[in-house]
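Undergrad: Sharing a model prediction with you, sequence too.
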Amino acid sequence: MPEQPRARTAEGVVEGRWRRGHAVFRGIPYAQPPVGPLRFAAPAPPRRWDGTRQAAEFGPAAPQSGPVQADPQEATDWLTLNVSTPDPGAAGLPVLVWIHGGAYIAGTSSDPTYDPAALTAAGLVVVSINYRVGAEGFVLLDDAPANRGFLDQIAALHWVRRNIASFGGDPDQVTVAGQSAGAGSIAALLTMKAVRGLFQRAITHSVPGWHCTPALAERVAATLAERLGTAPTAAALRGVAPRRLAQEVTALSADLAAYQASWGRFCQAGIAVCPVVDGEVLSETPWSALTGGRASGTRLLVGHTRDEFRLFSVMTGRLGRFTDQDARTALDLFAPAPDGAHAYRAAHPRATAEELVETVYSDALFRIPSLHLAQANAAAGGTSYLFELRLASPALAGTLGACHSLDVPLAFGTLDSPTGKELLGDPPAPEAIAVSRELQRAWVRFATTGDPGWAAYRPDQQLTRVLDAEPMTVPYPEQASHRIWEGRSPVPFEASPGIEPVAPDRVAQAYVRSVEGGQTGQVHPSP
């Protein structure tokens with residue numbers, strides 16, 4: 001039996017395991033456990049160790065909020081990462097760093113949907129990370145740095161810079177990749193001086209446009225602390241057990257309608273915690289930073305699914321039951337002011353209430369933030385490549401369409417994972433296999449050369465790769481939405497005193513109930 005693979009990091013030697021012919025190292029700390037005096041602090045450098053550290057098991061997930069969570073564990077070394085490499089003795093291999101999604105309140109790198117075996121077999125060194133989510137990572141506290149989850153991601157990228165050559169990777173050829181909250185994290189990282197030089201390319205699927213102002217974040221933190229009988233400070237909240245704090249975020253997310261009068265549109269997003277534009281860690285939204293020339297463009301592969309919101313419509317049991325009032329609510333809250341509601345109705349004069357609801361929420365939550373990130377990156381001097389996934393899931397008699405999260409097992413080639421089987425069939429159709437191969441090839445080619453294999457997006461042509469049974473490159477396919485939102489990028493949620501409370505919009509709040517991974521029938525989309 002061959003010896004297990006070893007690698008020497010700056011902190012000490014790690015021993016992984018051979019798996020499918022590749023060397024896999026799991027649970028490597030890139031920072032100290034953020035507990036005790038380090039809780040709610042910026043990540044502290046990892047401690048060195050003597051001898052050989054076993055790296056065979058995934059590290060524990062950070063405390064999770066929402067109804068769909070990674071298995072809770074008592075261990076507190078939440079800040080770990082995993083490396084899968086074709087050959088730890090090689091040199092100069094392209095590196096892909098995966099940042100998981102989960103609505104900024106849940107998720108873990110150990111999700112089998114993220115199995116890197118297929119990408120590693122194609123020649124990539126794949127790194128996946130855990131980071132603080134929910135209150136641990138994003139609640140704004142008076143005596144703690146904001147957006148600690150982003151600071152964790154930056155610390156992980158510094159670890160990659162220091163150590164990835166010991167695993168065969170090239171520290172000057174790093175691509176960051178993520179979906180949903182992971183993509184939103186990368187969009188934020190694109191604007192930060194602290195990460196310059198730590199990656200050269202970025203892949204973002206289904207970018208959410210969710211940030212809040214400091215004033216709103218302070219109100220949320222104060223309310224969360226009040227519900228726990230304490231103060232909105234790191235010093236006070238260190239006395240609350242991490243799991244108890246995470247549970248209160250779940251409870252507050254379910255009760256957001258009660259705060260509509262002062263928190264406004266934020267309450268319809270369905271999550272009680274999200275990144276804050278604090279002026280330090282995140283100085284402004286990615287769209288304004290890039291278009292304003294305050295951040296440099298990069299090589300960016302960005303895309304979304306055609307039916308982003310269908311997942312949440314199905315999971316809440318609302319598909320086929322939307323009313324005219326549901327459509328008015330969606331248009332009033334999320335169509336761009338001042339004339340967006342009228343523009344949607346004019347662009348879709350024969351649309352049913354359901355079609356309007358799904359179009360508006362798909363646009364506002366994911367499609368338009370993704371499109372505008374591609375445009376902003378190009379405006380900042382970068383090169384953007386855009387795609388839309390149109391391949392429909394066969395699950396639940398085809399009602400899911402090309403839904404949110406369907407692209408993840410396709411990109412990783414994990415069609416045989418639980419999520420892959422549930423979303424794409426067991427066995428998957430030949431069309432799904434073909435789309436998966438194209439998306440994998442695009443990722444590998446992009447991480448290796450900076451070109452996914454189709455034409456770059458330019459404002460005059462708007463060329464977009466449509467991934468379907470018959471793939472094609474065409475002008476951006478959602479032209480009506482493009483026109484309605486032209487020049488109107490996402491803006492942070494802000495406090496809205498004086499707005500009268502309204503009944504909760506259960507459709508929008510589906511996001512927190514599912515945490516991008518809930519269940520309807522047998523479907524469990526990945527976070």
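TA: Looks like it came in fine.
Undergrad: Show me the helices in the stretch 1-150 of the chain, by range?
TA: Ranges of helices within the stretch 1-150 of the chain are 117-121, 134-138, 148-163, based on DSSP state H, counting those that start in this stretch.
Undergrad: Among the ones you listed, show me which one is buried the most.
TA: helix 134-138 (a mean of 27; mean count of other Cβ atoms under 10 Å). Bear in mind the C-beta positions are built from the backbone N, C-alpha and C, glycine included.
Undergrad: With only the CA atoms kept, save that helix in CSV.
TA: The C-alpha trace of helix 134-138 is given here as CSV (Å, rounded to 0.1, in the frame of the first residue of the first chain):
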residue,chain,number,x,y,z
GLY,A,134,-24.8,34.1,10.2
ALA,A,135,-24.2,36.2,13.3
GLU,A,136,-20.7,34.9,13.8
GLY,A,137,-19.7,36.2,10.4
PHE,A,138,-21.9,39.1,9.5
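Undergrad: Show the average pLDDT along that helix.
TA: Taken as a whole, helix 134-138 has an average pLDDT of 98.
Undergrad: In terms of secondary structure, what does it contact?
TA: Counting contacts by 3 or more Cβ pairs under 8 Å, 6 or more residues apart in numbering; DSSP states H and E, helix 134-138 is packed against helix 148-163, helix 242-254.
Undergrad: Need the residues that contact that helix.
TA: Helix 134-138 is contacted by residues 34, 39-40, 62-65, 78, 104-106, 131-132, 147-149, 152, 224, 237, 242, 245-246, 248-249, 273-276 when judged by Cβ atoms under 8 Å, 6 or more residues apart in numbering.
Undergrad: same thing but 7 Å
TA: 62-65, 104-105, 131, 147-149, 152, 224, 242, 245-246, 249, 273-275 (Cβ atoms under 7 Å, 6 or more residues apart in numbering).
Undergrad: Please apply the same query to stretch 318-338.
TA: Contacts of stretch 318-338 (Cβ under 7 Å, 6+ apart): 265, 268, 313, 341, 344, 353-354, 356-357, 360-361, 364, 399, 484-485, 488, 505, 507.
Undergrad: pLDDT weak spots in the stretch 351-500 of the chain?
TA: The stretch 351-500 of the chain contains residues with pLDDT under 70 at 497-500.
Undergrad: any chance you could map the strands in it?
TA: Assigned by DSSP state E, counting those that start in this stretch, the strands in the stretch 351-500 of the chain fall at 383-389, 463-467, 472-475.
Undergrad: List of residues touching the first one?
TA: It stands for strand 383-389. With Cβ under 7 Å, 6+ apart as the test, strand 383-389 has contacts from 299-306, 374, 377-378, 402, 406-407, 452, 454, 456-457, 464-467, 476-477.
Undergrad: Could you rerun that using 6 Å?
TA: 299-303, 305-306, 374, 377-378, 402, 407, 452, 456-457, 464-467, 477 (Cβ atoms under 6 Å, 6 or more residues apart in numbering).
Undergrad: Just the buried residues of the residues you listed.
TA: 299-303, 305-306, 374, 377-378, 402, 407, 452, 456-457, 464-467 (16 or more other Cβ atoms under 10 Å).
Undergrad: Return the subset of those lying in helices.
TA: Judged by DSSP state H, helices contain the following of the buried ones among the contacts of strand 383-389: Ala374, Asn377, Ala378, Asp407.
Undergrad: residues touching the second one, list them.
TA: The neighbourhood of Asn377, defined by Cβ under 6 Å, 6+ apart, consists of Leu290, Gly297, Leu300, Ser384.
Undergrad: What is the nearest of those to Ala91?
TA: Using Cβ to Cβ, Leu300 is the member of those that lies nearest Ala91, at 26.8 Å.
Undergrad: which residues does Ala118 contact?
TA: When contacts are counted by Cβ under 6 Å, 6+ apart, Ala118 touches Gly413.
Undergrad: and the gap between it and Gln260?
TA: Separation of Ala118 from Gln260 (Cβ to Cβ, to the nearest Å) stands at 45 Å.
Undergrad: what's the answer for Leu319, then?
TA: 25 Å.
Undergrad: Please enumerate the helices of the stretch 401-527 of the chain.
TA: 407-412, 418-424, 430-449, 479-485, 510-514.
Undergrad: which of those sits most buried?
TA: Taking mean count of other Cβ under 10 Å, helix 407-412 is the most buried of these, at a mean of 27.
Undergrad: Run the chain-centre distance for stretch 398-408.
TA: From the chain centre to the centre of stretch 398-408 is a distance of 16 Å (Cα atoms, centre = their mean, to the nearest Å).
Undergrad: same deal with stretch 194-205?
TA: The chain centroid and the centroid of stretch 194-205 are separated by 14 Å under Cα atoms, centre = their mean.
Undergrad: for stretch 338-355, same thing?
TA: The answer for stretch 338-355 is 29 Å, by Cα atoms, centre = their mean.
Undergrad: can you point me to the longest strand in this structure?
TA: Scanning the chain for the strand with the most residues, using DSSP state E, yields strand 169-179.
Undergrad: and that strand with helix 148-163, angle?
TA: Relative orientation of strand 169-179 versus helix 148-163 (axes from the mean of the first three to the mean of the last three Cα atoms, to 10 degrees): 160 degrees.
Undergrad: and Arg201, which of the helices of the stretch 401-527 of the chain is closest to it?
TA: Closest of the helices of the stretch 401-527 of the chain to Arg201 is helix 430-449, at 6.5 Å (criterion: Cβ to Cβ).
Undergrad: just checking, what packs against the closest one?
TA: strand 93-99, helix 407-412 (3 or more Cβ pairs under 6 Å, 6 or more residues apart in numbering; DSSP states H and E).
Undergrad: Now distance to Ser84 too, for those, in a markdown table please.
TA: Converted to a markdown table, these look like this (distance: least, Cβ to Cβ, whole Å):
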| stretch | distance to Ser84 |
| --- | --- |
| strand 93-99 | 10 |
| helix 407-412 | 11 |
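Undergrad: Would you tell me which of those gets closest to Gly182?
TA: Gly182 lies closest, by Cβ to Cβ, to one member of the helices and strands packed on helix 430-449: strand 93-99, at 3.9 Å.
Undergrad: helices and strands around that closest one, which ones?
TA: Looks like strand 93-99 contacts strand 125-129, strand 169-179, helix 430-449 (3+ Cβ pairs under 6 Å, 6+ apart).
Undergrad: Reformat these as TSV; add distance to Leu189.
TA: Below are the helices and strands packed on strand 93-99 laid out as TSV (distance: least, Cβ to Cβ, whole Å):
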stretch	distance to Leu189
strand 125-129	12
strand 169-179	7
helix 430-449	16
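Undergrad: Among these, which comes closest to Gly92?
TA: Closest approach to Gly92 among those is made by strand 169-179 (4.6 Å; Cβ to Cβ).
Undergrad: Output the very next helix or strand once past the closest one as CSV, nothing but the C-alphas.
TA: Per DSSP states H and E, the first helix or strand lying C-terminal to strand 169-179 is helix 181-189. Provided in CSV are the C-alpha atoms of helix 181-189 (Å, rounded to 0.1, in the frame of the first residue of the first chain):
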residue,chain,number,x,y,z
ALA,A,181,-23.8,33.8,-1.4
GLY,A,182,-20.4,32.5,-2.4
ALA,A,183,-20.7,34.5,-5.6
GLY,A,184,-21.8,37.6,-3.7
SER,A,185,-18.7,37.1,-1.5
ILE,A,186,-16.5,37.1,-4.6
ALA,A,187,-18.2,40.2,-6.0
ALA,A,188,-17.3,42.0,-2.7
LEU,A,189,-13.7,40.6,-2.8
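Undergrad: so helix 181-189 versus strand 125-129, what angle?
TA: Using the same axes, to 10 degrees: helix 181-189 against strand 125-129 is 100 degrees.
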